[in-house]
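Undergrad: quick check, what structure comes out for this input:
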Amino acid sequence: MRRDPWQWIANTLGGPGDAIQYACVLEATAPKAGNVHPVAKFDDLCFADFVSAAEIAASELTAASSGLGDRVCSLIEQTRRKTNTNVNLGIALLLGPIVLAEEQQRPTSSSWTLNDWRDATANVLLSIDKEQSQRLGQAIAKASAGGMDGDYQPEDPSLDVQSLTDSFDVMSGMRAAKDRDLIAAEYANGFESFFADVVPIVVASVRETGDLLSGISLAHLRLLADRGDSLVARKNGRETEQEVRQRAKRCLDEFERTGGLKSISEFDVYLRSEAHRLNPGTTADFIAAAVYVCLRMRG
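TA: Below you'll find the predicted structure:
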């Protein structure tokens with residue numbers, strides 16, 4: 001009988017904090033194309049930074065009596081203080097409302113489906129007040145995410161996180177950016193695509209490979225081929241992002257046809273060129289959030 005690859009780890013978890021830490025470390029450990037992992041680093045970022053950030057995320061995203069913005073902002077502040085990098089802004093923005101939704105609305109004695117979780121997450125987003133909106137804006141500004149200039153500057157100055165005003169509204173900012181940023185699109189659409197598409201791709205990929213790390217790496221390639229990566233687009237432009245996406249599709253086609261890994265290895269080398277400007281970091285953030293959900297659904 002083939003066993004569930006998730007269950008062994010899920011059985012060790014004491015709560016959401018443990019699942020956050022494991023999700024972030026598993027995502028960083030898997031040898032995903034173009035990303036940091038235990039034997040691949042960037043000049044300013046290594047696997048140990050992700051491990052440190054995972055521990056901080058586990059603590060700050062489960063902070064009792066704290067709002068979404070407070071949790072995310074504290075996470076970014078502490079991560080930058082310890083690692084001097086922007087290693088987990090995307091993870092914080094994705095996991096923040098997902099974790100809070102489970103904390104506030106998951107029942108203790110009845111079923112909890114992905115649709116239930118999606119609806120609960122959408123409700124968390126609808127309930128963000130002015131204070132927490134400001135804190136989310138501060139977190140985004142403090143993280144100094146790459147490529148947030150040029151065409152990525154909002155047309156409405158009141159939505160610019162680099163010059164926050166009292167009228168800043170994070171959900172308006174996310175809706176304005178939804179066509180050019182995958183995480184903003186999730187905020188704008190109530191995490192519809194995340195629960196309907198991303199999580200099932202991770203589930204299917206792990207099931208097919210029978211292994212967590214291989215499955216996570218395959219899911220990362222599938223998401224990149226299907227959706228592209230908005231961090232790559234911000235840093236390099238849409239044309240380059242489309243080239244990355246097409247290369248990912250060709251790798252995926254060859255892998256699914258032959259089972260060979262040569263094209264994926266070559267793709268990995270390509271993504272690590274140009275001072276890692278082609279790093280598909282947003283896709284990795286989605287993977288971490290999906291792994292958390294997969295673990296907690298077995299909790």
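Undergrad: CA only for contacts and neighbour counts going forward, please
TA: Fine.
Undergrad: contacting residues for residue 248?
TA: 221-222, 224-225, 267 (Cα atoms under 8 Å, 6 or more residues apart in numbering).
Undergrad: at 7 Å what do you get?
TA: Contacts for residue 248 (Cα atoms under 7 Å, 6 or more residues apart in numbering) come out as 221, 224-225.
Undergrad: check what pLDDT residue 141 gets.
TA: Looking at residue 141, its pLDDT is 89.
Undergrad: I'd assumed residue 161 was in contact with it.
TA: Yes. Residue 141 is within contact range of residue 161, at 5.6 Å (criterion: Cα atoms under 7 Å).
Undergrad: between these two, which one's more packed in?
TA: Neighbours per residue, other Cα atoms under 10 Å: of residue 141 and residue 161, the larger number sits with residue 161, 23 against 18.
Undergrad: from what I see, that one and residue 137 are in contact.
TA: Yes. Assessed by Cα under 7 Å, residue 161 is found in contact with residue 137 at 5.4 Å.
Undergrad: where does the chain have low pLDDT?
TA: 1, 145-160, 163 (pLDDT under 70).
Undergrad: switch to 80 and redo it
TA: 1-2, 109, 144-166, 274, 299 (pLDDT under 80).
Undergrad: mind listing the helices for the stretch 101-250 of the chain?
TA: With DSSP state H, counting those that start in this stretch as the criterion, the stretch 101-250 of the chain has helices at 114-126, 130-143, 170-177, 182-188, 192-193, 199-209, 212-227, 230-236, 238-258.
Undergrad: out of these, nearest to residue 33?
TA: Nearest to residue 33 among the helices of the stretch 101-250 of the chain is helix 212-227 (7.3 Å), distances taken as Cα to Cα.
Undergrad: now the closest one and helix 238-258, what's the angle there?
TA: Here helix 212-227 points in a direction 130 degrees away from that of helix 238-258 (axes from the mean of the first three to the mean of the last three Cα atoms, to 10 degrees).
Undergrad: which other helices and strands contact helix 212-227?
TA: Packing partners of helix 212-227 (3 or more Cα pairs under 7 Å, 6 or more residues apart in numbering; DSSP states H and E): helix 199-209, helix 238-258, helix 281-296.
Undergrad: distance from the chain centre to whichever helix or strand comes after the longest one, please.
TA: Per DSSP states H and E, helix 238-258 leads on to helix 262-271 as the next helix or strand towards the C-terminus. Its chain's C-alpha centre lies 22 Å from the corresponding centre of helix 262-271 when counted by Cα atoms, centre = their mean, to the nearest Å.
Undergrad: which other helices and strands contact helix 262-271?
TA: Against helix 262-271 (3+ Cα pairs under 7 Å, 6+ apart) you get no helix or strand.
Undergrad: buried residues in that helix, which are they?
TA: Buried residues in helix 262-271, counted by 16 or more other Cα atoms under 10 Å: 263-264, 267-268, 270-271.
Undergrad: what of stretch 174-189?
TA: Buried-residue list, stretch 174-189, by 16+ other Cα under 10 Å: 174-178, 180-189.
Undergrad: again, but for stretch 164-171
TA: 164, 168-171.
Undergrad: go through those residues and name the one nearest residue 102.
TA: residue 171 (20.2 Å).
Undergrad: so what's that closest one up against?
TA: residue 188.
Undergrad: return the residues in contact with residue 183.
TA: For residue 183, no residue meets the contact criterion (Cα under 7 Å, 6+ apart).
Undergrad: how about the one 5 residues further on?
TA: With contacts defined as Cα under 7 Å, 6+ apart, the neighbours of residue 188 are 171, 174-175, 178.
Undergrad: pick the one among those residues closest to residue 240.
TA: Taking those together and measuring to residue 240 by Cα to Cα, the closest member is residue 178, at 19.3 Å.
Undergrad: so that closest one makes contact with residue 185?
TA: Yes. Judged on Cα under 7 Å, residue 178 makes contact with residue 185 at a distance of 4.0 Å.
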